[in-house]
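> below: sequence and its predicted model.
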Amino acid sequence: MEKVMAELKSLVNYWQKYDSSILNNMLAIGLSSRKNLCINKKVLKGKSGLEVDSRCRERTAHWVREKIQAKEEGQVVTDIEDLELCEYFENLENEEEPEDNMMMEDEKGEGQYNTVKYHAKVLEAGIYDLDDLKEYGKEKKFCPYFLARRAMEHANIIVYSYSYLLDPKIASLVSAELSNDSIVVFDEAHNIDSVCIESLSMNLTEGTMDQIDDNIDKLEDHYELYKSKHEDRIKAEHTRLISSFASEGIGQRTERMIANPVLPKDIMKEPVPGNMRKIEFFFIFLRRFSQFIRKDLNIENFGAREDTPKTWLKRLYEDMRVTPHELKFAAERLFSLMTTMEVRSIHDYSKLSLMADLATMLGTYDKGFTIIVEHNDYRTESIRDPKFQFACLDASIAISNVFEKFQSVILTSGTLSPLKFYENLLNFKPIVGKSFQNTLTRKCIRPMFISRGEDHALVSTKFKERDTPGVMNNYGKLLEEISKTVPDGVVCFFPSYAYMEKVISYWYDNTFFSKISENKLIYFETPDLRETSIALTNYRKACDSGRGGLFISYARGKVSEGIDFDGHYGRCCVMIGLPIMNNQSAVFKSRSIYLERNKGIKEGEFLTFDSMRTASQCLGRVIRRKNDYGLMVLADYRYHNKNYYEKLPQWIKTNREKGRTNLTVPIAISMAKAYFIEMSQKQLPSIERKLLQRLLLSKEDIERLEAESLAQDAGLETRKRKAKESLVNPRPIKILIKQEPSQ
């Protein structure tokens, strides 16, 4: 997000040289979670994002504000001893709303919204990343998070995470008010199918179920205490539920931390069933649902069991007399109950909310979903570790709401290949599908495909070969030689974290690390984000100091997806093996069957597609700017296979030459030395001009394109005019009616 906002600022600064008024009508904001935008020190004491959300709600909920206001007005109010408001939120709420009719005319005399005037009292026009919003909030004493949420309605550009559009629990709160004619751009969309599936999938473990039962007990105790003091509010809620939806008429949309977990079109638009309105009955419903999930988890047989949602719900009804119709209302009913009882710390009931969301999902969805109960991890068959999984199998379900609502949706990525595969996975037909070449000032991308080690033995991370000493020795020798040859920074990716640990342990015992560390300092990515962040900082320092560094990471980790190694931080990227995803899990096997039956995609095809896009994403970390250069080493003989090679993106394939495939380690190292000698040479101005002429549009090119665009517009206007004329003076239409004989 920070890079997008930085590029936007750079673009606008350039644009202002030719049009100084460009910022007058532009408001661009970056939006993130409360934890990333909050400036209230007391709220930020929360360790997790959910705890920060909970502390925020304690200070901004409508009933908290009403109670404190009533006390200030002299009314007698109970249970407010430890209540306090957020001054930043209150300042924003008390700010006078600007007038809605502030319009200005543009050069063509057409009305245009003036964001400068509109936001003069709240948020001035401009480009605001997260740090800018926080600084602005501190200066004006406004809450940056709610300021950004309020400004979304008037912003020209909004930058935020995929989840804010694809996850219904968040999208219906944050993105519901976006206009249908908004242009939606999914950048780095190569993994969008995985994001869609994760947004509609849920897991429960035995430990989670223990916490859920504790949550139910705690909430029931809170209810008994609250009922003794506020019986009138309990009766009022019951009356409201008879004639309206569960969440209708309670609080404000901004108070909710998580909305209904199903897509907007699937939300029930009817009152809560009678047997769930009474709070005591709702607690019985929660306990029955919890007991049935525990029953599934407690079965002693090892392995995995799979059910369709319909089959599972049938068993649920037979055992617990809970219907699918009741399940659909679980999430909304719980939210209504917690709001009625003025529950302050939603963090204390987060696991119960998770189960209520699961119940609503189970009652709503059937096709494209499955239920899998795994009683142990396939890698540790002797250790019991049960897990209940409600898994989405079809990525098109989550994104369907985006395609239906917005007129223009753009998917873009440097590794969005092959395009046809995404059309099938996401179930859409693009109006335009284009693949563009990199606009580099010289031929600086150098992929090398290594098939054999120094001893001429094949190198690969195939399951049967990966753990042999010969393969690990050859990979270690490859990195050792690269550390001697490549200047500055080298990044190395393993296919998985588990394999990375195994190979690193072997290299350490066989002195490979001691040899590599003579040339470069070594750093690692770990599952701990803080450790990885510190390692990255020190790695950059090592490169800046001239010592050089080797950063060892793994595919599908944080580094491979979001960290750039531009300039001297990434002069070489090594992809150890083929990053094939885990195909032994029960969820993957179920999804493979679904894809083959419904999309015509075989398991092998999907594994190849996924491994190639993952490898491409790792390799692309080193080329981030026009003047970057770097080696890309693909170390596995399977990359020479046409079936794998064809799935690579075009920018790698066009730079692949016959002499750089099926290499041994010594030959690859000699080619690497020649490459860096070539890159060290200063480019002649005449050659640079020719390259620029090929890459950049000249004035004549722009004028030609403008003329073609005007001609297309003129043709469109002519067609529209003829269509209108045909409506005014319609041609006679002959209708032929065939009369059937009477029966």
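Great, that's in hand. Remember, predicted model here, so these are calculated numbers, not experimental data.
> before we move on, what SS does P430 have?
Under DSSP: H, G, I helix; E, B strand; the rest coil, P430 falls in the coil class.
> wait, it sits on E423?
Yes - with contact defined as Cβ atoms under 8 Å, P430 reaches E423; the gap is 6.5 Å. Quick note: C-beta positions are derived from backbone N, CA and C, even for glycine.
> ranges for the strands of the stretch 501-650 of the chain?
Ranges of strands within the stretch 501-650 of the chain are 521-524, 549-554, 572-576, 630-635, based on DSSP state E, counting those that start in this stretch.
> packing partners for the last one?
What it means is strand 630-635. Judged by 3 or more Cβ pairs under 8 Å, 6 or more residues apart in numbering; DSSP states H and E, strand 630-635 is in contact with strand 445-452, helix 469-485, strand 572-576, helix 603-619, helix 665-680.
> quick one: the last one to helix 469-485, angle?
Helix 665-680 runs at 20 degrees relative to helix 469-485, counting by axes from the mean of the first three to the mean of the last three Cα atoms, to 10 degrees.
> so for the chain, the centremost residue is which one?
Y162 (4.1 Å; Cα atoms, centre = their mean).
> if I pick that one, what's in contact with it?
186, 192, 195 (Cβ atoms under 8 Å, 6 or more residues apart in numbering).
> follow-up on the earlier one: closest to E657 out of the helices and strands packed on strand 630-635?
When those are compared by Cβ to Cβ, strand 445-452 sits nearest E657, at 8.8 Å.
> what mean pLDDT does the closest one get?
Strand 445-452 carries an average pLDDT of 91.
> quick one: buried residues of that strand?
By neighbour count on 16 or more other Cβ atoms under 10 Å, the buried set for strand 445-452 is 445-452.
> what of stretch 466-473?
Quick answer for stretch 466-473 (16+ other Cβ under 10 Å): 466, 471-473.
> what would the residues you listed look like in TSV with distance to P271 and pLDDT?
TSV is the format used below for these (distance: Cβ to Cβ, whole Å; pLDDT from 0 to 100):
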residue	distance to P271	pLDDT
R466	58	91
V471	64	94
M472	64	95
N473	70	95
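> which of the residues you listed sits closest to K141?
Among those, and counting by Cβ to Cβ, the member closest to K141 is R466, at 58.1 Å.
> list the contacts for that closest one?
Here R466 is in contact with 460, 499, 577 (Cβ under 8 Å, 6+ apart).
> run the last query once more with 10 Å
By Cβ atoms under 10 Å, 6 or more residues apart in numbering, the contact set of R466 is 459-460, 472, 475, 495-496, 499, 502-503, 576-577, 636.
> do E95 as well
121-122, 140, 142, 147, 150.
> average pLDDT across stretch 83-91?
89.
> quick one: contacts of that stretch?
Here stretch 83-91 makes contact (Cβ under 10 Å, 6+ apart) with 38-40, 42-43, 55-56, 58-61, 63-65, 67-69, 71, 77, 92-93, 137-138, 140-147, 254, 344.
> which of those fall in strands?
Counting by DSSP state E, no part of these is found in strands.
> which neighbours do P430 and E423 share?
L411.
> ends of stretch 557-569, how far apart?
End-to-end distance for stretch 557-569: 18 Å, by Cα to Cα, to the nearest Å.
> now render the contacts of R466 as JSON lines, adding distance to K17.
Below are the contacts of R466 laid out as JSON lines (distance: Cβ to Cβ, whole Å):
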{"residue": "V459", "distance to K17": "53"}
{"residue": "S460", "distance to K17": "54"}
{"residue": "M472", "distance to K17": "56"}
{"residue": "Y475", "distance to K17": "51"}
{"residue": "P495", "distance to K17": "48"}
{"residue": "S496", "distance to K17": "49"}
{"residue": "Y499", "distance to K17": "52"}
{"residue": "K502", "distance to K17": "55"}
{"residue": "V503", "distance to K17": "52"}
{"residue": "I576", "distance to K17": "47"}
{"residue": "G577", "distance to K17": "49"}
{"residue": "D636", "distance to K17": "49"}
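> out of these, which end up buried?
The neighbour-count test (16+ other Cβ under 10 Å) marks 459-460, 472, 475, 495-496, 499, 503, 576-577, 636 as buried among the contacts of R466.
> please identify which pair of these lies farthest apart.
Maximum pairwise distance in those, criterion Cβ to Cβ, is 16.6 Å, between V459 and S496.
> the stretch 201-350 of the chain: strands as residue ranges?
Listed in chain order, the strands of the stretch 201-350 of the chain (DSSP E, counting those that start in this stretch) span 202-205, 304-307.
> right, and those - which one's nearest A398?
A398 lies closest to strand 202-205 among the strands of the stretch 201-350 of the chain, at 13.1 Å (Cβ to Cβ).
> not counting the closest one itself, show me its contacts.
By Cβ under 10 Å, 6+ apart, the residues outside strand 202-205 that reach it are 211-212, 261, 290, 293-294, 296-297, 351, 354-355, 357-358, 361-362, 372-374, 385-392, 587.
> in helices, which of these fall?
Among the contacts of strand 202-205, the members found in helices (DSSP state H) are 211-212, 290, 293-294, 296-297, 351, 354-355, 357-358, 361-362, 587.
> burial measure for the residue lying closest to E153 once chain neighbours are set aside, as a count.
Leaving aside its sequence neighbours, E153 sits nearest to E177 (Cβ to Cβ, 6 or more residues apart in numbering; 5.8 Å). Neighbourhood size, E177 [other Cβ atoms under 10 Å]: 10.
> pretty sure E177 belongs to a strand, no?
No - read with three-state DSSP, E177 is coil and lies in no strand.
> ok, it touching A151?
No - contact status for E177 versus A151: not in contact, 11.6 Å apart, counting by Cβ atoms under 10 Å.
> common neighbours of these two, please.
Residues touching both E177 and A151 (Cβ under 10 Å, 6+ apart): there are none.
> one step back: any chance of a markdown table for the buried ones among the contacts of R466, columns distance to T239?
Listed next are these as a markdown table, based on distance: Cβ to Cβ, whole Å:
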| residue | distance to T239 |
| --- | --- |
| V459 | 72 |
| S460 | 69 |
| M472 | 71 |
| Y475 | 70 |
| P495 | 60 |
| S496 | 56 |
| Y499 | 61 |
| V503 | 66 |
| I576 | 65 |
| G577 | 64 |
| D636 | 67 |
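> quick one on the thing from earlier: got TSV for the strands of the stretch 501-650 of the chain, with distance to E646 too?
Formatted as TSV, those follow (distance: least, Cβ to Cβ, whole Å):
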stretch	distance to E646
strand 521-524	33
strand 549-554	25
strand 572-576	17
strand 630-635	14
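> quick check: which of those strands is nearest to K269?
Across the strands of the stretch 501-650 of the chain, K269 has its closest neighbour in strand 549-554 (46.0 Å, Cβ to Cβ).
> per-residue confidence averaged over that closest one?
Rounded mean pLDDT across strand 549-554 is 96.
> helices or strands up against that strand?
On a contact count with 3 or more Cβ pairs under 10 Å, 6 or more residues apart in numbering; DSSP states H and E, strand 549-554 meets helix 469-485, strand 489-494, helix 497-509, helix 512-516, strand 521-524, helix 529-544, helix 558-562, strand 572-576.
> cutoff 6 Å now
Contacts defined by 3 or more Cβ pairs under 6 Å, 6 or more residues apart in numbering; DSSP states H and E place strand 549-554 against strand 489-494, strand 521-524, helix 529-544.
> picking up where we left off before, out of the helices and strands packed on strand 630-635, which one sits most buried?
Greatest average neighbour count among the helices and strands packed on strand 630-635 goes to strand 572-576 (a mean of 26), per mean count of other Cβ atoms under 10 Å.
> so in that sheet, which strands flank that one, and in what orientation?
Take DSSP bridges as the rule and strand 572-576 pairs in its sheet with strand 489-494 (parallel), strand 630-635 (parallel).
> what about the closest residue to D610 other than its chain neighbours, neighbour count?
Once flanking residues are discounted, D610 sits nearest to M581: 5.5 Å by Cβ to Cβ, 6+ apart. M581: 16 surrounding residues under other Cβ under 10 Å.
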